[in-house]
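Colleague: coordinates only, no sequence provided:
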C-alpha cells in the first residue's frame, strides 16, 4: 500500500499530477451535475408548457402571481387597443424558406398596462431599403386571443451552452427603442377581433442537450482518472525495471 501511495504522492511530480487530477475531476463533476440539474429543470418547465398548449382560454389576470412558467404558452384573452405608431421590425424571420421580418406592436390594455404583441411574419421588400408591407391594425378597442410568452423562459428555450436567461432581454431592447415601460411579458397574436396573416408558431419545446453535456463532463472526469492511473502504472513499471 505504501508503494502505491508513493506512486501518487511520493515526489513533487507525482503530488502535482495527483492534485491536478483531483482538481480536474472536481471541475468535471461540478460541471456535469450543473448540466444535469439544468436538464431536469428544463424538462419540468417543458412539461408545464406542453400542458398549457391544451388548457382552455382564460382572461389575462390583473396580476400574474407565482411561477411565470405556469402561464408560458397558455392561450389568454385580452382587451385593449393597438398603438400603431409604436411598432418594431425583427430581422431574420423566415416563413416557408422566405426571408422577412417579425412585427411587434405595442398594445394598451383596458386597465392601462402596456404589452408587446408579436403579430407574426411579414415578407421583406424587394431590396434592403424597401420597407415591407405591414398589415394595418384597427384603430379601435379589440378583444384578442394571444399566447403568453415570458422573455426569461424564452431565453432558456433559445438558449446556448451558458444561457441562463439573464442579461438584456428582447423586451428591454424593444422598450429602449421607443422609450416605453411595458409589462415584463409579451404575447403572440393568435386571433380574435384581428387575425395575423402569418402568425408566429408556438415555441419549440425541447429538453435540449443538457443530459448529453452532463454525460460528456462525467466522461472527461473518468478520462482524468484513467490518465492519472496510466501515468502511475508507467512509473511503477519504470521502478520495477530499475530494481531488476
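Modeller: In hand now; what should we look at? Since we're looking at a predicted model, the values are computed, not measured. Numbers count the residues shown, from 1 in each chain.
Colleague: only C-alpha atoms for contact and neighbour calcs from this point on.
Modeller: Will do.
Colleague: now tell me what touches stretch 39-56 from outside.
Modeller: Stretch 39-56 is contacted from outside by 69-75, 205-211, using Cα atoms under 8 Å, 6 or more residues apart in numbering.
Colleague: switch to 10 Å and redo it
Modeller: Stretch 39-56 has contacts (Cα atoms under 10 Å, 6 or more residues apart in numbering) with 33, 35-38, 69-76, 147-148, 153, 156-157, 202-214.
Colleague: over to stretch 126-138?
Modeller: With Cα under 10 Å, 6+ apart, stretch 126-138 has contacts from 81-84, 89, 100-101, 103, 105, 119, 121-125, 193-197.
Colleague: so what's the nearest residue to residue 38 once chain neighbours are set aside up against?
Modeller: Leaving aside its chain neighbours, residue 38 sits nearest to residue 210 (6.7 Å; criterion: Cα to Cα, 6 or more residues apart in numbering). By Cα under 10 Å, 6+ apart, residue 210 lies in contact with 32, 33, 34, 35, 36, 37, 38, 39, 40, 42, 161, 216.
Colleague: which two of those residues have the greatest separation?
Modeller: Greatest spatial distance among the contacts of residue 210 (Cα to Cα): 42 and 216, at 18.3 Å.
Colleague: ok, these two, which is more surrounded?
Modeller: Taking neighbours as other Cα atoms under 10 Å, residue 42 and residue 216 compare with residue 42 leading, 19 against 16.
Colleague: all helices of the chain, in order?
Modeller: 2-9, 12-54, 151-158, 170-178, 210-243 (DSSP state H).
Colleague: make CSV out of these and add distance to residue 109 and mean pLDDT.
Modeller: Output for those, formatted as CSV (distance: least, Cα to Cα, whole Å; pLDDT from 0 to 100):
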stretch, distance to residue 109, mean pLDDT
helix 2-9, 69, 53
helix 12-54, 23, 86
helix 151-158, 19, 61
helix 170-178, 16, 86
helix 210-243, 39, 83
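Colleague: okay, these in JSON lines with distance to residue 94 next?
Modeller: Listed next are these as JSON lines, based on distance: least, Cα to Cα, whole Å:
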{"stretch": "helix 2-9", "distance to residue 94": "58"}
{"stretch": "helix 12-54", "distance to residue 94": "23"}
{"stretch": "helix 151-158", "distance to residue 94": "16"}
{"stretch": "helix 170-178", "distance to residue 94": "18"}
{"stretch": "helix 210-243", "distance to residue 94": "27"}
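Colleague: for residue 64, find the nearest of the ones you listed.
Modeller: helix 151-158 (14.3 Å).
Colleague: give me the buried subset of the contacts of stretch 126-138.
Modeller: 81-83, 89, 100-101, 103, 105, 119, 121-124, 195-196 (16 or more other Cα atoms under 10 Å).
Colleague: any idea which of the helices of the chain gets closest to residue 189?
Modeller: Across these, closest to residue 189 is helix 12-54 (Cα to Cα), at 14.4 Å.
Colleague: tell me the domain ranges of this protein?
Modeller: Here the domain parsing of the chain from automatic domain parsing is 2-42+209-243, 73-192.
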